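Undergrad: okay, sequence plus prediction incoming.
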Amino acid sequence: MASITLNNIHKTYDDGFHAVKGVDLEIADGEFVILVGPSGCGKSTLLRMVVGLEDITDGDLLIGERRVNEVAPKDRNLAMVFQNYALYPHLTVFENIAFPLRLNKDAKLSEDQIKAKVAEASRMLELDDHLDRKPGNLSGGQRQRVAMGRAIVREADAFLFDEPLSNLDAKLRGQMRAEIAQMQRRLGITSIYVTHDQTEAMTLGDRVAVLKKGELQQVASPRELYEQPINLFVAGFIGSPSMNFLPASLKSEGGRHVLSSPIGDIPVPEAKAKAAEGRDLVFVGLRPEFFEDASLVDEDKKSKGSIFQVELTHLEWLGHEQYGHIEFDPDPEVKTMLSDLAKEMDADELRPVVVTTLSAESRVRPGTPVDLWVDTSRIHLFDPKTGENLTRDPEAGAELTRMAGEERQRQIDLAQENDRKKEQEGAGHRTEDAIGDNLDHGTEGEGRTGSHAQG
Amino acid sequence: MSTVATPDKSGNAPDTSAHGRTEAGRSAAPPARKKSGTGRITLGWWVLTVLIGIWCLFPVFSILATSFKTPSDLSNGRLLPTSWSTVNYEEIFVGGSRELFLTALRNSVGISVIATVVAVVLATLCAYAIARLDFPGKRLVLTVSLMVSMFPVISLVTPLFNVWRTIGLYDTWLGLIIPYLSLTLPISIWTLAAFFKQIPWELDQAAQVDGATPLQAFRKVIVPLAAPGVFTTAIIAFFIAWNDFVYGISLTSTETARPVPAALAFFTGASQFESPTGAISAAAIIVTIPIVLLVLFFQKQIVAGLTNGAVKG
């Protein structure tokens, strides 16, 4: 167990590409940190620098108190789970898990000790029935667990995950996500997890670090990222369906403040208006769930937002909720602003459409004017040039992250308490999260991890 | 003399291709439905296969038949011996040519095996570096090794003969092993580099993260995975060394190092007026046997190894 500290880490490749630009990150002992961002943002490079597979161009990397910039991967005592698992195809599951133990010259483990450790890991991961099989004959989920077993067995200082779930289908991914989360809590081990999937980022992370083009945008608890994003990029990247951005100008008439946007005029409270002061144009950030069919909103809630009339162009009913799409015709100036914004967000294009999440009971119909209520107390305003969030409340955000930290400690204690109880009861043969049982049945060998295609 | 060596060369090389074609003919057969068109195509393949098979194997059969002829039978102008006799085999194993043939056989086996082992070990290390590392001059190494293998052997032999005589390598095992390495190394490097490139890089990296030194990662993970490739390479390298004639005859003068293909040229008949054709044929058959066996047992690996090199190299 150890903390990991990144001090102004840079990575420049031989061809001059500056992949990671001065990342500062402190990861506390036992913390689960997610690195997330669009492809090419440098998140995997960063992880590989931590584990030692990429050289660090500049800056300091500390594991515990030790600077490890020049230390070989084998001496960093980190465990890594690769995207394609990187199991050794010529070794059995048992030997795969035992591999790091056999290499550890300092510990000088006897064969019995190795067996005991592998057995413990395989019990935890429900791999007992598969120890004699080769990785090529395992299903995706089983391979994933072998890769995790190889990491667990080491008692490493930290776990590093490089998009470990991206090769699994959606259902398995959900199960494995839960399994990883529980395992991390039980072991209370420092973990860094790279993903581009924001569901994984939001559900697994104590803190999430959002990267864009090699630069750290914001490091905070998932809740803070969602509610108090620092800039346009983070606001747009976190959340699905993503936040709507509308260019708007502020008009103030006798104490009433109105944001005039392409989908209509939205009255906003004084505090928000103040943030936009002095700017001709701002981007209004509206999450889909800020909207609601006005006729379904409680009277006391109504006062928190404002009502405006609009015509829905398209409606998707999903059962538990429905998505209302409002398309708008952007004038040329807005059009260029939106395409600039798309570039800023690292997306291909931003369609001139606002997505709203409405209650499933709503009887609104596309093509007719409807009254929509929007929660203006939660909207964010962004500076169109810098992308900075003008309405961010740093204190509220910090509070959210602090609470997440406390929650983490509580969960670790709880998980370890549970483990202790189980051991005392002596019923420690089967872990209760019987997720593994489901997985064991799906044994289709979907192509071998192995390499050589013979005859 | 070279006519003696050629049949055994052309005897095994087309042998592989004949097998390859037979397989192609077979694999074309299963999808054949009840259509006369596909049936005719299958039949066409079979005819072609048989023709090519006869074309390739006839010289081998001719030598085989000759090796069973009695000396008086040799020039009777007929393909098959009038009476089958093993007199030629007795001649090379227990008769007058025994000394010549068996020492040559020992030389051939020893030199080819050593050249193969050295070539495979060196090529494995070299190919791993080429597949994994990005070092300046990587392309140069590959190109030069290819050029070396393309270089006509005959133009090297004369200067080599002079150098070897000066430095005392003439007529020694080492004097043959070194030039054989120049023949076997390039193809070994190319084949193995293709194999190594197929092995996901993550495996070395995972091993290193797991606590292995680069050498341990190579030995415990990469080499076992590349074993089929290493094996193929070894077989191919062995063929090349085993079949060599030009170096064998030019860089040796006595029985201390002369390999079989060269030794065949020194067979003499029972008397001065008797031609040694029968004994030579018998010896040619004997030295072809290991090659044929290797091909028969490992043809799958060999084809895979060769096509790997073809596509990925």
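TA: Ah, there it is. Numbering: from 1, shown residues only, chains lettered A, B, ... in the order given.
Undergrad: find the closest residue to chain B in the stretch 151-300 of chain A.
TA: residue A:154 (7.5 Å; CB to the nearest CB). Backbone N, C-alpha and C define where each C-beta goes, glycine included.
Undergrad: residue contacts, that residue?
TA: Residues near residue A:154 by CB atoms under 8 Å, 6 or more residues apart in numbering or on different chains: A:77, A:79, A:100-101, A:104, B:210-211.
Undergrad: which of these fall in strands?
TA: residue A:79 (DSSP state E).
Undergrad: list only buried entries from the contacts of residue A:154.
TA: A:77, A:79, A:100-101, A:104, B:210-211 (16 or more other CB atoms under 10 Å in any protein chain shown).
Undergrad: how about residue A:32, phi and psi?
TA: phi -110, psi 110 (degrees, to the nearest 10).
Undergrad: that one and residue A:201 touch, don't they?
TA: No. Counting by CB atoms under 8 Å, residue A:32 sits too far from residue A:201 to count as a contact (10.7 Å).
Undergrad: need the contacts of residue A:154 in TSV (columns: distance to residue B:48 and pLDDT).
TA: Below are the contacts of residue A:154 laid out as TSV (distance: CB to CB, whole Å; pLDDT from 0 to 100):
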residue	distance to residue B:48	pLDDT
A:77	63	90
A:79	58	92
A:100	55	91
A:101	58	90
A:104	60	80
B:210	53	90
B:211	57	88
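Undergrad: and the furthest pair within the contacts of residue A:154?
TA: A:77 and A:101 (13.0 Å; CB to CB).
Undergrad: tell me how far the helix or strand harbouring residue B:190 lies from the chain's centre.
TA: With elements taken from DSSP states H and E, the one containing residue B:190 is helix B:173-198. Distance of helix B:173-198 from its chain centroid, counting by CA atoms, centre = their mean, to the nearest Å, is 12 Å.
Undergrad: check stretch A:94-107 too.
TA: That offset, for stretch A:94-107, works out to 32 Å (CA atoms, centre = their mean).
Undergrad: any idea how far residue B:119 lies from chain A?
TA: Using CB to the nearest CB, to the nearest Å, residue B:119 is found at 20 Å from chain A.
Undergrad: my guess is residue A:262 contacts residue A:333, does it?
TA: No. Using CB under 8 Å, residue A:262 is not in contact with residue A:333, being 10.8 Å away.
Undergrad: low pLDDT regions in chain A?
TA: Across chain A, the ranges flagged by pLDDT under 70 are A:1, A:346, A:348, A:426-455.
Undergrad: domain ranges for it, per the record?
TA: Per automatic domain parsing, the structural domains of chain A span A:4-225+A:413-441, A:240-390.
Undergrad: would you list those in TSV and tack on distance to residue B:189?
TA: Shown next, in TSV, are these (distance: least, CB to CB, whole Å):
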stretch	distance to residue B:189
domain A:4-225+A:413-441	23
domain A:240-390	43
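Undergrad: would you state the helices of the stretch 251-400 of chain A in chain order?
TA: A:270-276, A:299-302, A:332-345, A:394-425 (DSSP state H, counting those that start in this stretch).
Undergrad: for the ones you listed, give me JSON lines that also has distance to residue B:96.
TA: Below are the helices of the stretch 251-400 of chain A laid out as JSON lines (distance: least, CB to CB, whole Å):
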{"stretch": "helix A:270-276", "distance to residue B:96": "109"}
{"stretch": "helix A:299-302", "distance to residue B:96": "114"}
{"stretch": "helix A:332-345", "distance to residue B:96": "90"}
{"stretch": "helix A:394-425", "distance to residue B:96": "84"}
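Undergrad: ramachandran angles for residue B:74?
TA: According to degrees, to the nearest 10, residue B:74 has phi -60, psi -40.
Undergrad: mind pulling up the pLDDT for it?
TA: For residue B:74, the pLDDT comes out at 78.
Undergrad: more neighbours: which of residue A:262 and residue A:333?
TA: More neighbours surround residue A:262 than the other of residue A:262 and residue A:333, with 17 against 10 (other CB atoms under 10 Å in any protein chain shown).
Undergrad: how much space separates the more buried one from residue A:281?
TA: The gap separating residue A:262 from residue A:281 is 12 Å, by CB to CB, to the nearest Å.
Undergrad: quick one: common contacting residues for these two?
TA: Counting by CB under 8 Å, 6+ apart, the residues touching both residue A:262 and residue A:281 are residue A:247.
Undergrad: ranges for the helices of the stretch 51-200 of chain A?
TA: Going by DSSP H, counting those that start in this stretch, the stretch 51-200 of chain A shows helices at A:93-103, A:111-124, A:140-152, A:170-187, A:198-204.
Undergrad: closest to residue B:242 out of those helices?
TA: helix A:93-103 (37.2 Å).
Undergrad: show me which residues of the stretch 201-313 of chain B sit near chain A.
TA: Neighbours of chain A within the stretch 201-313 of chain B, by CB under 8 Å from any CB of the partner chain: B:202-203, B:205-213, B:216, B:220-221, B:224-226, B:228-229, B:300-301, B:303-304.
Undergrad: distance to residue A:408 added to the contacts of residue A:154, as CSV?
TA: Output for these, formatted as CSV (distance: CB to CB, whole Å):
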residue, distance to residue A:408
A:77, 23
A:79, 20
A:100, 27
A:101, 29
A:104, 30
B:210, 28
B:211, 29
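Undergrad: which one of the contacts of residue A:154 is nearest to residue B:281?
TA: Of the contacts of residue A:154, the one sitting nearest to residue B:281 (CB to CB) turns out to be residue B:210, at 57.9 Å.
Undergrad: what sits closest to residue 207 if chain neighbours are left out?
TA: Picking chain A for this. In space, residue A:207 comes closest to residue A:33 once its chain neighbours are excluded; the distance is 5.2 Å by CB to CB, 6 or more residues apart in numbering or on different chains.
Undergrad: wait, chain B was what I had in mind.
TA: Nearest to residue B:207 is residue B:217, by CB to CB, 6+ apart, at 3.8 Å.
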